[in-house]
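Colleague: Sequence and computational prediction follow.
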Amino acid sequence: MDQFVVKPLFGGDVVHWYTPTNVTLWMALTVLAITVLLMLGTRGRAIVPTRGQSMAELSYGFIHKMVEDVAGKDGLRFFPYIMTLFMFILFANLLGLIPFAFTTTSHIAVTAVLALTVFISVTVLGFVLHGAKFLKLFWVDSAPLVLRPVLAIIELISYFARPVSHSIRLAGAMMAGHAVAKVFAGFAGALGVASFVPILAVTALYALELLVAAIQAYVFTILTCVYLRDALHPSH
């Protein structure tokens, strides 16, 4: 598990809240990569787009359609935040697949902040827009009256469990994939002549990890859109 250890960039062993670490470095590289794609890649705005412009435009259109389909047209005003969230998670996941890199989204400290930001934002938004009517989200009108208080408690527990599942899902998926890949790589070093078997397994697993990196960014983002929809339309 040494690949997940947080280390200071400039020596020493003690990590304070202000200490630049490998997490800080790779989050900065993630922001830099997103900036290069979305700003430098689209500055020409050619009629016949370059590869970078095509990737940026496809990402923009994909997230825009997701927000509109899930949260509705009134959710599009929050599109910049959701787009930023998707691109950060996607690039953090992909950069973590580079040999000797650090996967920032494998740490619950990072994913928990992302999940809590979404949770607090949509909760505050729900009360700002609807006031006490936002509590209708927990009251199931279609259920028999005698069951509604019980279902309300269940819905309330489920609601407060959102940031937990939201963060653990992403961190767990990224950590598990990298740990398994390193285990297979260890087999390759120990088996000698037969090392081609675990090497093939690592190659296949790496291809799967590329898919998982994109899927986990998509899942985190679409769940954010679902939570946003609940805040905008709590009675639905």
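Modeller: Right, received. Where do you want to start? Residues are numbered from 1 along each chain as shown.

Colleague: Settle this for me: residue 8 is touching residue 24, isn't it.
Modeller: No. Residue 8 is not in contact with residue 24 according to CB atoms under 8 Å; the separation is 9.5 Å. All C-beta atoms are positioned from the backbone trio N, CA, C, and that covers glycine.

Colleague: Can you give me the pLDDT of the closest residue to residue 41 other than its chain neighbours?
Modeller: Nearest residue to residue 41 in three dimensions, chain neighbours excluded: residue 52, at 3.0 Å (CB to CB, 6 or more residues apart in numbering). With respect to pLDDT, residue 52 scores 82.

Colleague: what packs against whatever helix or strand residue 52 lives in?
Modeller: Using DSSP states H and E, residue 52 falls within helix 51-71. When contacts are defined as 3 or more CB pairs under 8 Å, 6 or more residues apart in numbering; DSSP states H and E, helix 51-71 packs onto helix 79-95, helix 196-232.

Colleague: roughly how far out does it sit from the chain middle?
Modeller: 16 Å (CA atoms, centre = their mean, to the nearest Å).

Colleague: Please point out which parts of that helix sit buried.
Modeller: Across helix 51-71, burial judged by 16 or more other CB atoms under 10 Å covers 52, 53, 56, 59, 63, 66, 67, 70, 71.

Colleague: hang on, the first one packs against residue 44?
Modeller: No. In this structure, residue 52 sits apart from residue 44 without contact. The criterion is CB under 8 Å, and the distance is 9.1 Å.

Colleague: taking the helices and strands packed on helix 51-71 together, which one is wrapped up most tightly?
Modeller: Highest mean neighbour count among these (mean count of other CB atoms under 10 Å): helix 79-95, with a mean of 20.

Colleague: Show me what secondary structure element comes after it.
Modeller: Downstream of helix 79-95, the first helix or strand assigned by DSSP H and E is helix 108-130.

Colleague: Tell me the helix or strand right after that following helix.
Modeller: As the chain continues past helix 108-130, the following element, by DSSP H and E, is helix 148-160.
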